[in-house]
Every structure is written in structure tokens, then in C-alpha cells.
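Asker: only geometry, no sequence info:
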């Protein structure tokens with residue numbers, strides 16, 4: 001009989017079974033490689049390779065998870081950059097809309113002013129016709145009392161019309 005180990009569970013202990021494993025996937029204690037032909041030896045080798053396969057597949061699985069997380073993080077960054085670009089573009093679109101609206105308001109104001117000038121010129125033409133007919137009638141009557149006041153009014157109307165035309169031309173040139 002062999003000498004037992006201090007704990008009583010040594011390799012050479014008669015009461016210690018030869019098939020006990022130190023860890024999952026490790027060969028059994030006391031296995032010296034000579035009993036590979038035995039069922040216990042074959043089972044130990046089979047379990048060892050099964051454990052190695054599990055470890056390898058877990059490692060491969062964790063690698064796939066790491067790659068997937070990396071792709072997800074990259075896609076998140078891409079999405080964030082796209083969202084930032086989108087917000088910048090939307091801000092530019094809003095600015096352009098405001099500019100277009102302001103230009104439309106200016107155009108409408110110019111059209112209103114132009115129609116005002118047209119109406120003013122029509123009134124001036126009408127006034128001239130009336131004043132020329134009054135001149136003819138006053139010359140026939142021989143009364144020229146109203147002539148200085150009519151000239152002053154006509155001159156001021158023409159001056160105002162000329163000023164409005166020049167303002168209109170300046171506004172049209174700016175546009």
C-alpha cells in the first residue's frame with residue numbers, strides 16, 4: 001500500500017478515485033496518459049475538448065458582441081452627425097424663408113407705392129386739364145385773381161410728384 005498524503009486524498013491513495021477532476025475540462029487526477037484506451041480516459045478527454053469548445057465559443061460570442069457594440073456606437077455617432085447637419089440645414093432654410101418673406105413684403109410695398117404714384121400722376125393730369133380749362137375760361141372772363149395761388153399749388157404738386165418718382169426709381173434700383 002502507498003503512503004497517503006497528509007490530507008488523505010493523495011494521488012497514490014487507495015481510497016481516492018482516479019476519475020476525479022481538478023476542474024472542468026482538466027484531465028483527472030492521477031492520469032498519467034497511459035490509460036487513454038480506458039473508458040474513463042476517453043471520457044475525460046472528451047469532456048476536456050467539450051470544455052475547450054465552450055470556452056472558444058464564449059470567446060467568439062464575446063468578440064461578436066464587442067464588434068456589434070462597436071458598430072452600434074459608430075452608427076450612433078453617424079446618426080448624431082446627421083441630426084446636427086439636419087438642424088443646421090433647417091436653420092438655413094428658415095433664414096431663407098424669412099428673407100423671401102421680407103423680399104415679398106418689400107415687393108408688395110413697392111407695388112403699392114407704384115400704384116400710388118400712378119394714381120397721383122392721373123390726378124395731376126386731371127388737375128392740369130382742369131387748370132388749363134379754367135385758364136381759358138379766366139382769360140375769356142378777364143379775371144386772373146386766382147392765377148398765383150394756382151401756380152403755387154401746381155408747382156408744389158409737381159415738386160412732390162418729382163420727388164416721389166425719384167424715390168420710386170431708387171427703390172426699384174435697390175431691388
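Answerer: Looks like it arrived, so ask away. Predicted model only: the values in this text are computed from it and were never measured. Residues are numbered from 1 along each chain as shown.
Asker: quick one: the helices in this protein?
Answerer: Using DSSP state H, the helices of the chain run over 39-141, 147-174.
Asker: for the first one, packing partners?
Answerer: What it means is helix 39-141. Packing partners of helix 39-141 (3 or more C-beta pairs under 8 Å, 6 or more residues apart in numbering; DSSP states H and E): helix 147-174. The way it works is simple: take the backbone N, C-alpha and C, and place the C-beta from them, glycine included.
Asker: quick check: angle from the helix it packs on to helix 39-141?
Answerer: If you take axes from the mean of the first three to the mean of the last three C-alpha atoms, to 10 degrees, helix 147-174 sits at 160 degrees to helix 39-141.
Asker: quick one: low-confidence ranges for the chain?
Answerer: By pLDDT under 70, the low-scoring segments of the chain are 1-37, 134-148, 150.
Asker: Save the helices of the chain as TSV, and put in mean neighbour count too.
Answerer: Below are these laid out as TSV (neighbours: other C-beta atoms under 10 Å):
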stretch	mean neighbour count
helix 39-141	11
helix 147-174	12
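Asker: Return the distance of residue 68 relative to residue 62.
Answerer: From residue 68 across to residue 62, the span is 11 Å (C-beta to C-beta, to the nearest Å).
Asker: Please report the distance of residue 71 from residue 46.
Answerer: The gap separating residue 71 from residue 46 is 37 Å, by C-beta to C-beta.
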